[in-house]
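1. okay, sequence plus prediction incoming.
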Amino acid sequence: MKEAKLQAKQAAVADVVDKMQRAQSVVVLDYRGLTVAEVSDLRSKFREAGVEYKVIKNNMLKRAAEELKIEGVEDYFKGPTAVAFGFEDPVAPAKILCKFVKDAGKTEIKGGILAGQAMDAKKVESLSKLPSKEELIAKMMGSLNAPITNFALALQAIPRGLACALKAVAEQKQ
């Protein structure tokens, strides 16, 4: 019986290690004081953004961080702890949680992990102010598209200008 419990705990820690490895960013939240409705709302926002939100035991989080050799996160894993794993966009969990904490005013962000490095709550807030992956791609595509568009407009302006000049000359001769 004890061995079965031990194996279950090891499997749970292995699952947390896997999630931490796959996640582009991890944000840790103290969820005290939140109502069921608020947590449900938060979970739905996370689902829309492709973020996984879980309440995980602190010991499991500590062991996972030790296995991954992530230092400086021990203080984040004290008290009631919920974790948001950002698999698709590293900015999404921070953005959603910072907005939620600001609106709710009941809870606080403990810290996070980005690229295997610990971040305090201030760094998580700074991360939340960065544009999302989609926004960056759109800006880059706009930047790449602008010179081509301007070149096409310039090429189009040459015949138009010539036509206008010829029309003005024709009108003067009449």
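-> Yep, that arrived.
2. average pLDDT for the helix ranked longest in the chain?
-> Looking across the chain with DSSP state H, the single longest helix is helix 133-173. Helix 133-173 carries an average pLDDT of 74.
3. elements contacting that helix?
-> Of the remaining helices and strands, none touches helix 133-173 by 3 or more CB pairs under 8 Å, 6 or more residues apart in numbering; DSSP states H and E. Glycine gets a C-beta too; all of them are placed from N, C-alpha and C.
4. domains of this structure?
-> Domain assignment for the chain by automatic domain parsing gives 2-130, 131-174.
5. how far out from the middle of the chain is stretch 121-131?
-> 10 Å (CA atoms, centre = their mean, to the nearest Å).
6. tell me the buried residues in that stretch?
-> Neighbour-count burial for stretch 121-131 flags 121, 124-125, 127-128 (criterion: 16 or more other CB atoms under 10 Å).
7. quick one: low-confidence parts of this protein?
-> 1, 132, 151-152, 162 (pLDDT under 70).
8. if we go to 80?
-> Filtered on pLDDT under 80, the chain yields the residue ranges 1-2, 104-106, 126-128, 130-170, 173-174.
9. can you pull out the helices in it?
-> 2-22, 36-49, 58-67, 92-104, 121-128, 133-173.
10. which residues are in contact with the shortest one?
-> If you take CB atoms under 8 Å, 6 or more residues apart in numbering as the criterion, helix 121-128 is touched by 25, 27, 90-91, 94-95, 97-99, 108-112, 114, 119.
11. got it, and the second one?
-> Here helix 36-49 makes contact (CB under 8 Å, 6+ apart) with 31, 34, 52-53, 84, 86, 88-89, 92-93, 96, 100, 104, 106.
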